[in-house]
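Trainee: Sharing a model that was predicted from the sequence below.
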Amino acid sequence: SLSDKLQNVFKSLRSKGRLTEGDVKSALKEVKMALLEADVSFKVVKQFIKAVQERSVGADVMNGLNPAQMVIKIVNEELVSLMGSDTTEIQLRPGNEITVIMMAGLQGAGKTTTAAKIAGKLKSKGRKPLLAACDIYRPAAIQQLQINGEKQGVEVFTMGDKISPVDIAKAAVEHARSHNLNVVILDTAGRLHVDEEMMDELIRIKDSIQVDQTILVVDAMTGQDAVNVSEMFNQKVGIDGVILTKLDGDTRGGAALSIKATCGKPILYTGMGEKLSDLEQFYPDRMASRILGMGDVMSLIEKAQANIDEEKARNMEQKLKKAQFGFDDYLESMNQLKNMGGISSVLSMMPGMGSKMKDLESAVDEKKMAGIEAMILSMTPKERANPDILNPSRKKRIAAGAGVDISEVNKLVKQFEQARKMMKQVPGMMGGKGGKRGKF
Ligand code: GDP
Ligand code: MG
């Protein structure tokens, strides 16, 4: 595995300190191979390695990691940020407005299956979906959709195979309107290869009804082909997002990286099996460690990270015992919480949590944090270390310095005292493990 290979590269190295150019070069040679083996396109690999090399040389090797692991940590972070750092949802229109989603992709990619998977997901979120059978070419395509729709308890709209897909799509939207349904999912036809006729049909549908989201379904097993297909569909038809299917196979899924890097469209979901429940949110961080083929090393890195936090926490506990816990420590502990991602990152791991809600929450948090930071920075070092000396005139000065009302300072002091009391009662609660995200 990549981790074994990297351990070999660094076998002779016992140094901590900084990563040298030599360290990075030999490690990245192995990373490059791993990415190519995972089907990441050559062009993307080249750009990527260059970026990582620039970032890595001279970087500090984190406590608890060896140089190989440090390089992997950086590689992983860059992979995640390339793939978008965050999860993306299908955009739906508000309220009872009808959202039209058009599935696109080659034959056998998984359009019909995925359409039913999405319908089930939306239904469980309280939406009222309608599946529309617009594949009139493949024998039994309509029946396949009907069977899947029935399994999901979602209505399937069909007009047989004698009517044009454009007219079926139009009628499906009308049907949704008159039956109070609010998401129409068009299951379209695919062909074995990208061809004009298929593209034209999709374009005609787009021209005649308002398609809100064109979702491209690609088979992860096809590797490099999936990337070319994405580029073609995006150029000709225009796509809003990609669903990568058959990731339950043994592919490492490098296509995810190349697709995002070449056509810039987000991966929305991943297909993890033939069952209609096998649709998962796309998590760039999980995908990154899958592409590298090294969940083991990643968990090691996480542990090292947690240890560092724990060390800090232990120091704080010592201070608490000696009643030295001051505002600087308070600020530090809040920053630590923030670094761990706080509640919002936990929320974002839960299926069905809208990204909007998450944004709102973190914005509020950050505003609060900034205010608290301003107040603490307005204190003298002596005040920060000995919160008990804060009398009204000092509080007034601090409020003026931070540009807030004195009531804000009082609130902060109260919160601080509560935190101090709580932490005295529950030793270990500042431990670095608490906010760990549910990766791997
Ligand atoms: P379409 O031609 O694009 O509509 O593709 P289908 O939905 O008919 O799927 C083609 C085949 O792939 C079917 O046998 C599906 O059961 C299978 N399939 C679809 N998605 C997945 C997936 O995520 N994992 C696996 N293992 N099989 C899948
Ligand atoms: Mg189909």
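Mentor: Alright, I've got the coordinates. Source: prediction; values computed, not measured. Numbering: from 1, shown residues only. Ligands and ions are numbered 1, 2, ... in the order given.
Trainee: As PDB, could you dump the C-alpha coordinates of stretch 107-114?
Mentor: Backbone C-alpha positions of stretch 107-114 (Å, rounded to 0.1, in the frame of the first residue of the first chain) are rendered in PDB as follows:
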ATOM      1  CA  GLN A 107     -26.500   3.800 -21.000                       C
ATOM      2  CA  GLY A 108     -25.900   1.600 -17.900                       C
ATOM      3  CA  ALA A 109     -24.400   4.500 -15.900                       C
ATOM      4  CA  GLY A 110     -27.200   4.200 -13.400                       C
ATOM      5  CA  LYS A 111     -29.700   7.000 -14.300                       C
ATOM      6  CA  THR A 112     -32.900   5.000 -13.700                       C
ATOM      7  CA  THR A 113     -31.700   3.500 -10.500                       C
ATOM      8  CA  THR A 114     -30.300   6.800  -9.200                       C
END
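Trainee: Any part of the host helix or strand of residue 215 near ligand 2?
Mentor: Assigned by DSSP states H and E, residue 215 falls within strand 213-219. No - Strand 213-219 stays clear of ligand 2 (C-beta under 5 Å from the ion), getting no nearer than 9.2 Å. All C-beta spots, glycine's among them, are computed from the backbone N, C-alpha and C.
Trainee: number of nearby residues for the closest residue to ligand 1 within the stretch 151-300 of the chain?
Mentor: At 2.5 Å from ligand 1, residue 271 is the closest residue in the stretch 151-300 of the chain, using C-beta to the nearest ligand atom. Residue 271 has 23 neighbours, counted by other C-beta atoms under 10 Å.
Trainee: Residue 43 too?
Mentor: Residue 43 has 12 nearby residues by other C-beta under 10 Å.
Trainee: Would you map the strands across this protein?
Mentor: 99-104, 129-133, 155-157, 183-187, 213-219, 241-245, 267-271, 279-281 (DSSP state E).
Trainee: Tell me the residues on this structure that lie near ligand 2, please.
Mentor: 111-112.
Trainee: same thing but at 6 Å, please
Mentor: 111-112, 135, 141, 187 (C-beta under 6 Å from the ion).
Trainee: Between which two of the residues you listed is the distance greatest?
Mentor: With C-beta to C-beta as the measure, no two of the residues of the chain next to ligand 2 lie farther apart than 111 and 141, at 9.6 Å.
Trainee: list the residues that contact both of the two?
Mentor: Common contact partners of residue 111 and residue 141 (C-beta atoms under 8 Å, 6 or more residues apart in numbering): 135, 187.
Trainee: how deep is the residue in the stretch 151-300 of the chain that ligand 2 sits nearest to tucked in, by neighbour count?
Mentor: Distances between the stretch 151-300 of the chain and ligand 2 by C-beta to the ion are smallest at residue 187, namely 6.0 Å. Residues contacting residue 187 under the criterion other C-beta under 10 Å number 30.
Trainee: Report the contact partners of it.
Mentor: Contacts of residue 187 by C-beta under 8 Å, 6+ apart are 103, 111-112, 115, 131-135, 141, 145.
Trainee: With adjacent residues omitted, what lies nearest to it?
Mentor: residue 115 (4.5 Å; C-beta to C-beta, 6 or more residues apart in numbering).
Trainee: how far away is the residue of the stretch 151-300 of the chain closest to ligand 2 from residue 271?
Mentor: To residue 271, residue 187 is 15 Å away according to C-beta to C-beta, to the nearest Å.
Trainee: partners of residue 269 in the sheet?
Mentor: residue 243, residue 281 (DSSP bridges).
Trainee: thought it was touching residue 243?
Mentor: Yes - the criterion here is C-beta atoms under 8 Å, and residue 269 meets it with residue 243 at 4.8 Å.
Trainee: okay, and the common contacts of these two?
Mentor: Common neighbours of residue 269 and residue 243 (C-beta under 8 Å, 6+ apart) are 114, 279.
Trainee: quick revisit: want to try CSV for the contacts of residue 187, with neighbour count and pLDDT as columns?
Mentor: Output for those, formatted as CSV (neighbours: other C-beta atoms under 10 Å; pLDDT from 0 to 100):
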residue, neighbour count, pLDDT
103, 28, 98
111, 29, 98
112, 26, 98
115, 31, 98
131, 27, 98
132, 30, 98
133, 26, 98
134, 30, 98
135, 24, 97
141, 22, 95
145, 27, 98
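Trainee: just checking: which of these also lie near ligand 1?
Mentor: Among those, proximity to ligand 1 is found for 111-112 (C-beta under 6 Å from any ligand atom).
Trainee: how far away is the closest residue to ligand 2 within the chain from residue 369?
Mentor: Residue nearest to ligand 2 within the chain: residue 112 (3.3 Å; C-beta to the ion). According to C-beta to C-beta, residue 112 and residue 369 sit 47 Å apart.
Trainee: got any ranges where the protein has weak pLDDT?
Mentor: 1-17, 85, 294-310, 313, 316-317, 319-323, 333-366, 422-440 (pLDDT under 70).
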